[in-house]
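>>> Below is the structure, and that's it, no one-letter string:
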């Protein structure tokens with residue numbers, strides 16, 4: 001293998017990066033490409049090479065997924081492989097989790113900025129890894145990157161990203177929320193060279209074996225990621241052999257600029273210049289629960305602030321003024337998390353022609369307020385980040401909603417999508433069928449209900465905001481890995497937001513602890529709320545319901561099994577959960593989070609609600625035919641039909657279907673509308689009463705603290721807060 005020198009790598013990389021950034025700044029085109037020469041003069045080669053790169057990435061993904069040990073990778077495809085330019089810009093990626101594909105760019109640019117040619121050096125056959133906040137969302141999402149050389153020059157990088165089920169954090173599993181600091185998040189590599197000459201270093205293997213609970217799974221996942229990188233590298237080398245180094249470099253740059261133009265064109269043609277602001281609140285109920293330190297044991301509300309500005313040149317700026325302070329729990333994220341938000345939103349509603357660094361067009365991300373939970377590290381370098389999706393999902397839902405409002409204002413109703421799902425993270429640890437200790441998260445949470453649209457209901461359980469080709473995995477496959485089995489799966493009755501069009505429904509699943517004699521479970525979240533309803537809805541819709549989990553006790557379940565009684569106690573009606581049939585004292589209701597593992601005996605059952613998405617429009621405008629369809633498919637109840645949508649119906653036993661009473665429905669809708677008018681309050685009156693509360697500081701402590709933190713961290717938000725409520729400049733909470 002040829003060893004690259006400083007002059008051929010680091011200096012040229014640094015110069016390339018500086019030049020590329022300057023070209024983009026001056027011309028507005030990536031790499032200064034005002035013309036796409038290859039696309040215009042040789043479109044056949046242009047499209048052929050792109051198709052080959054896609055195939056290279058996809059082959060790497062398929063092969064790696066099939067040898068990975070993690071059920072999150074093998075069953076749910078929580079992974080992605082791809083190709084980047086020498087300076088880190090993403091060129092092409094496989095199917096998989098789009099929330100991660102842009103993050104290797106941050107990692108590669110970090111390595112360039114930190115003089116990696118000097119120490120530890122960048123050579124053919126090297127393998128670099130990171131799961132630290134410099135580019136990773138949390139410790140379980142691990143990145144490996146491999147350099148690709150040709151003719152003594154670094155011409156590309158390949159990368160593989162996959163979710164490992166456990167990284168040795170303070171609690172077992174994928175979503176470590178109990179962390180007080182970074183040191184309790186688990187096994188962390190910070191831009192480490194973990195391999196040379198295409199082989200993983202022995203010291204890395206020894207460290208994994210020492211500091212993780214599931215080293216066999218962890219190391220096999222590492223080998224899978226690296227194998228995918230090497231497959232992609234082989235594919236690039238074949239392309240270069242056929243077309244030459246210069247042609248390869250030209251084409252990869254053009255693909256990025258081409259993608260930028262596509263996204264830019266959509267913004268230019270489908271939006272209007274202006275400013276959109278949104279806020280989202282997420283409660284975390286910890287008071288009275290087991291924690292590491294006293295400052296964790298209280299109730300928190302996270303305030304996510306986000307603003308999108310579109311200028312006359314279709315350039316977009318996202319800022320995050322008004323975001324509250326970092327928390328002493330593993331729910332923080334760095335700017336890498338906000339980059340993931342941008343990537344997911346743009347690739348699904350804006351620049352979805354190619355998935356690469358051009359997909360988010362000309363987006364400028366302004367750093368979140370320093371010290372906030374979205375940017376804690378400049379103030380607190382050890383802020384924990386074991387379960388950052390708790391806050392990221394709020395930002396993501398806002399992002400979809402903001403674009404939807406802009407599209408709707410232009411009449412592009414087909415483009416509207418009202419936010420995203422929020423779901424629990426249920427980690428269960430114990431012995432599996434092979435008598436191995438494992439921790440398995442409910443990976444089926446990944447596909448959820450799609451946000452409702454302006455033209456129809458959101459799709460049920462078929463879409464993931466972090467990757468659109470979401471896969472819940474086969475229960476049978478997951479059961480060979482984990483310490484529990486499935487008793488039932490079904491779409492969640494009334495699980496979506498209510499509106500003219502309802503949000504897509506998530507799943508209800510029934511897990512039973514088996515074969516493990518004893519298991520531990522923790523309950524964390526990806527954006528779920530327990531006491532504060534979601535506020536991501538559009539144009540008069542009601543939010544999806546808050547989520548509760550119920551545990552049925554093992555002894556009672558064993559009695560039912562021995563008596564050959566029904567044990568499939570799924571949630572037929574959300575007002576009457578199935579496990580209530582076990583009788584008082586034989587079940588308990590839980591709310592997120594359970595920070596430290598709660599012990600469950602064999603045959604215990606967890607009734608898991610995976611959450612649905614937001615609704616669109618006034619529920620009273622919903623067509624009775626749509627309500628009938630949901631009634632016929634057991635997706636709503638008669639009480640909800642009456643109370644929410646104002647639809648009166650009866651069940652026809654002979655026809656085995658519901659029949660809408662049109663006259664009674666019209667009368668009921670009118671009555672509900674009249675009741676709403678009597679209950680309604682003019683905005684000006686509401687504002688005056690609310691202002692009095694603000695002046696008196698009449699808030700519960702978590703709300704007061706949330707606003708106080710946001711105001712202190714963000715002068716811009718502080719000014720707007722005071723202007724909106726008509727407060728003096730010296731006002732403070």
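Done, it's in. Every value quoted in this text rests on a predicted model; they were computed, and no experiment measured them.

>>> Okay, now the unreliable bits of this structure?
Low-confidence segments of the chain, defined by pLDDT under 70: 1-11, 570-571.

>>> Could you list the domains of it?
6-260, 620-679, 683-725 (automatic domain parsing).

>>> what's the first-to-last distance across the last one?
Separation of the first and last residues of domain 683-725 by CA to CA, to the nearest Å is 13 Å.

>>> my guess is residue 352 meets residue 361, correct?
No: Residue 352 is beyond contact range of residue 361, at 11.5 Å (criterion: CB atoms under 8 Å). Every residue, glycine included, has its C-beta placed from N, CA and C.

>>> more neighbours, those two?
Set residue 352 next to residue 361 and count neighbours by other CB atoms under 10 Å: residue 361 wins out with 21 against 16.

>>> and that one, what are its phi and psi?
Note on residue 361: backbone dihedrals following degrees, to the nearest 10 are phi 50, psi -120.

>>> need the contact list for it.
Shown in contact with residue 361 (CB atoms under 8 Å, 6 or more residues apart in numbering): 260, 263-264, 266-267, 314, 316, 346, 350-351.

>>> Restrict those to the buried ones and give me that as a ChimeraX selection.
Command for ChimeraX that selects the buried part of these, burial taken from 16 or more other CB atoms under 10 Å:
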select :260,263,264,266,267,314,316,346,350,351
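
>>> List the ones among the contacts of residue 361 that fall in helices.
260, 263-264, 266-267, 346 (DSSP state H).

>>> The domains of the chain into JSON lines, with extra columns for distance to residue 371?
Output for these, formatted as JSON lines (distance: least, CB to CB, whole Å):
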{"stretch": "domain 6-260", "distance to residue 371": "14"}
{"stretch": "domain 620-679", "distance to residue 371": "41"}
{"stretch": "domain 683-725", "distance to residue 371": "6"}
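
>>> which one of the ones you listed lies closest to residue 482?
Proximity to residue 482 (CB to CB) singles out domain 6-260 among the domains of the chain, at 7.1 Å.

>>> Check the offset of the closest one from the chain's centre.
Taking CA atoms, centre = their mean, to the nearest Å, one finds domain 6-260 lying 20 Å from the centre of the chain it belongs to.

>>> Can you give me the distance of residue 654 to residue 638?
In this view, residue 654 and residue 638 are 18 Å apart by CB to CB, to the nearest Å.

>>> Between these two, point out the one with more neighbours.
For residue 654 and residue 638, the more surrounded residue by other CB under 10 Å is residue 638, and the numbers stand at 16 against 5.

>>> mind checking the backbone torsions on the nearest residue to the more buried one once chain neighbours are set aside?
Nearest residue to residue 638, sequence neighbours excluded (CB to CB, 6 or more residues apart in numbering): residue 649, at 6.6 Å. The phi/psi pair for residue 649 (degrees, to the nearest 10) reads phi -150, psi 160.

>>> show me the contacts for residue 649.
Contacts of residue 649 (CB under 8 Å, 6+ apart): 624, 627-628, 631, 638, 641, 658-661, 665.

>>> rerun at 7 Å
Residue 649 sits next to 628, 631, 638, 641, 658-661 when contact means CB atoms under 7 Å, 6 or more residues apart in numbering.

>>> For those residues, which single residue is the most surrounded?
Neighbour counts for the contacts of residue 649 (other CB under 10 Å) peak at residue 641, which has 24 neighbours.

>>> For the closest residue to it other than its chain neighbours, give its distance to residue 456.
Using CB to CB, 6+ apart and skipping residues adjacent in sequence, the residue nearest residue 641 is residue 647, 4.5 Å away. Going from residue 647 to residue 456 by CB to CB gives 18 Å.

>>> ok, the two, which is more surrounded?
residue 647 (30 against 14).

>>> pretty sure that one contacts residue 662?
No: Residue 647 is beyond contact range of residue 662, at 9.7 Å (criterion: CB atoms under 7 Å).

>>> phi, psi of residue 498?
Dihedral angles (degrees, to the nearest 10) for residue 498: phi -100, psi 130.

>>> Name whatever forms a beta bridge with it.
Note on residue 498: beta-bridge partners by DSSP bridges are residue 542.

>>> number of nearby residues for it?
Neighbours around residue 498, by other CB under 10 Å: 27.

>>> Wait, it touches residue 544, no?
No: the pair residue 498 / residue 544 is not scored as a contact, 8.3 Å apart, by CB under 7 Å.

>>> show me what contacts the residue lying closest to residue 412 once chain neighbours are set aside?
Spatial nearest neighbour of residue 412, chain neighbours left out: residue 270 (5.3 Å); criterion: CB to CB, 6+ apart. Shown in contact with residue 270 (CB under 7 Å, 6+ apart): 407, 410, 412, 415.

>>> if you set the cut-off to 6 Å instead, what comes out?
407, 410, 412 (CB atoms under 6 Å, 6 or more residues apart in numbering).

>>> does the most centrally placed residue in the chain belong to a helix or a strand, and which?
For the chain, the residue nearest the mean C-alpha position is residue 466 (4.7 Å; CA atoms, centre = their mean). Residue 466 belongs to no helix or strand when assigned by DSSP states H and E.

>>> Just want to check the distance between the nearest residue to it once chain neighbours are set aside and residue 524.
Leaving aside its sequence neighbours, residue 466 sits nearest to residue 99 (CB to CB, 6+ apart; 3.8 Å). Distance of residue 99 to residue 524, given as CB to CB: 17 Å.

>>> repeat for residue 296
From residue 296 to residue 524 the distance is 14 Å (CB to CB).

>>> Then residue 424?
For residue 424 relative to residue 524 (CB to CB), the value is 7 Å.

>>> okay, now residue 720: neighbour count?
Neighbour number of residue 720 under other CB under 10 Å is 17.

>>> before we move on, back to that, please say which of residue 296 and residue 524 ends up with more neighbours.
More neighbours surround residue 524 than the other of residue 296 and residue 524, with 29 against 22 (other CB under 10 Å).

>>> and the more buried one, what does it touch?
175, 177, 387, 425, 593.

>>> Which one of those is nearest to residue 566?
residue 425 (28.8 Å).

>>> hang on, that closest one is in a strand, isn't it?
Yes: membership of residue 425 in a strand is supported by DSSP: H, G, I helix; E, B strand; the rest coil.

>>> List the buried residues for stretch 700-713?
Neighbour-count burial for stretch 700-713 flags 702-703, 705-713 (criterion: 16+ other CB under 10 Å).

>>> repeat for stretch 26-39
Going by neighbour count (16+ other CB under 10 Å), the buried part of stretch 26-39 is 29-33, 36, 38-39.

>>> May I see the residues you listed organised as JSON lines, with secondary structure and distance to residue 462 added?
Formatted as JSON lines, those follow (DSSP: H, G, I helix; E, B strand; the rest coil; distance: CB to CB, whole Å):
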{"residue": "29", "secondary structure": "coil", "distance to residue 462": "37"}
{"residue": "30", "secondary structure": "helix", "distance to residue 462": "34"}
{"residue": "31", "secondary structure": "helix", "distance to residue 462": "38"}
{"residue": "32", "secondary structure": "helix", "distance to residue 462": "41"}
{"residue": "33", "secondary structure": "coil", "distance to residue 462": "37"}
{"residue": "36", "secondary structure": "coil", "distance to residue 462": "35"}
{"residue": "38", "secondary structure": "helix", "distance to residue 462": "37"}
{"residue": "39", "secondary structure": "helix", "distance to residue 462": "34"}
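
>>> Reformat the residues you listed as a markdown table; add distance to residue 604.
Shown next, in a markdown table, are the buried residues of stretch 26-39 (distance: CB to CB, whole Å):
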| residue | distance to residue 604 |
| --- | --- |
| 29 | 59 |
| 30 | 54 |
| 31 | 58 |
| 32 | 62 |
| 33 | 60 |
| 36 | 60 |
| 38 | 61 |
| 39 | 59 |
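
>>> Isn't the residue nearest to the centre of the chain up against residue 101?
No: contact criterion CB atoms under 6 Å: residue 466 and residue 101 do not qualify, at 10.6 Å.

>>> Need the overlap of contacts for these two.
What both residue 466 and residue 101 touch, as defined by CB under 6 Å, 6+ apart, is an empty set.
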